[in-house]
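*Asks:* Quick one, fold the following:
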Amino acid sequence: MERVVIACLVLLSAIAADPGSGVATPDLKGESMQRGVQLLRLRGLEPLPGVYFISPDNWRADIKPQTVYLQFPRAGATVDAGSPVAVWRFERARRRQAKLKVPDLVGKTWQAAQEALDAAELPLMNATEAAGATDTVTDQYPKAGRQVYRGTSVFLKVLPNPH
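*Replies:* All right, here's what the predicted structure looks like:
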């Protein structure tokens with residue numbers, strides 16, 4: 001019964017969401033990934049779940065699996081209905097898992113950004129069909145130059161090419 005109610009609420013939210021209207025992003029930190037995804041869908045936003053690897057030396061026993069620890073845009077930011085919101089869970093990196101600097105993707109085309117992420121073995125959180133090859137990356141998280149473990153998910157914000 002609960003699943004039916006949630007499905008109906010998601011459907012009603014999707015129908016009622018005006019693509020040009022502003023929606024405040026909820027604070028998802030500490031929520032289960034499943035609940036975070038549901039809350040985003042209820043607001044008419046597109047959830048993009050990913051993983052952020054943490055050093056084994058910095059791993060703590062109180063880090064819960066399948067829990068949202070990071071989100072972009074930040075909680076309370078106003079975005080258009082239907083906008084993507086990236087949410088990351090923490091996962092413990094392996095001792096020999098490679099670290100690297102996140103490439104600077106801002107200003108690059110969607111296609112060039114995808115190629116750079118593929119080369120670095122950093123998974124792209126956005127759906128590859130969500131943007132055109134010549135759309136421009138306007139923001140990213142994790143930010144350029146940040147040291148991350150290979151396999152950490154990267155979110156790209158793009159500006160569609162008007163042509």
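*Asks:* Quick one: neighbours of L117, just the number.
*Replies:* 20 (other Cβ atoms under 10 Å). To be clear about C-beta, it is placed using only N, CA and C from the backbone, and glycine gets the same treatment.
*Asks:* show me the contacts for P73.
*Replies:* If you count contacts by Cβ atoms under 8 Å, 6 or more residues apart in numbering, P73 has them with T25, V79, V85.
*Asks:* In PDB, list the C-alpha atoms belonging to stretch 94-105.
*Replies:* Provided in PDB are the C-alpha atoms of stretch 94-105 (Å, rounded to 0.1, in the frame of the first residue of the first chain):
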ATOM      1  CA  ARG A  94      40.700   0.300  -1.200                       C
ATOM      2  CA  ARG A  95      44.200   0.700   0.100                       C
ATOM      3  CA  ARG A  96      45.700   0.700  -3.400                       C
ATOM      4  CA  GLN A  97      42.900   2.600  -5.200                       C
ATOM      5  CA  ALA A  98      44.400   5.300  -7.300                       C
ATOM      6  CA  LYS A  99      44.000   8.900  -6.500                       C
ATOM      7  CA  LEU A 100      43.900  11.700  -9.100                       C
ATOM      8  CA  LYS A 101      43.000  15.300  -9.600                       C
ATOM      9  CA  VAL A 102      39.500  16.000 -11.000                       C
ATOM     10  CA  PRO A 103      40.000  17.600 -14.400                       C
ATOM     11  CA  ASP A 104      38.700  21.200 -15.100                       C
ATOM     12  CA  LEU A 105      35.700  20.600 -17.200                       C
END
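*Asks:* Show the model's pLDDT score for N161.
*Replies:* With respect to pLDDT, N161 scores 70.
*Asks:* wait, doesn't it sit right on A131?
*Replies:* No: here N161 does not reach A131: they are 9.0 Å apart, not a contact under Cβ atoms under 8 Å.
*Asks:* Mind checking which of those two has more residues around it?
*Replies:* Each of N161 and A131 has its neighbours counted (other Cβ under 10 Å); A131 has more, 22 against 13.
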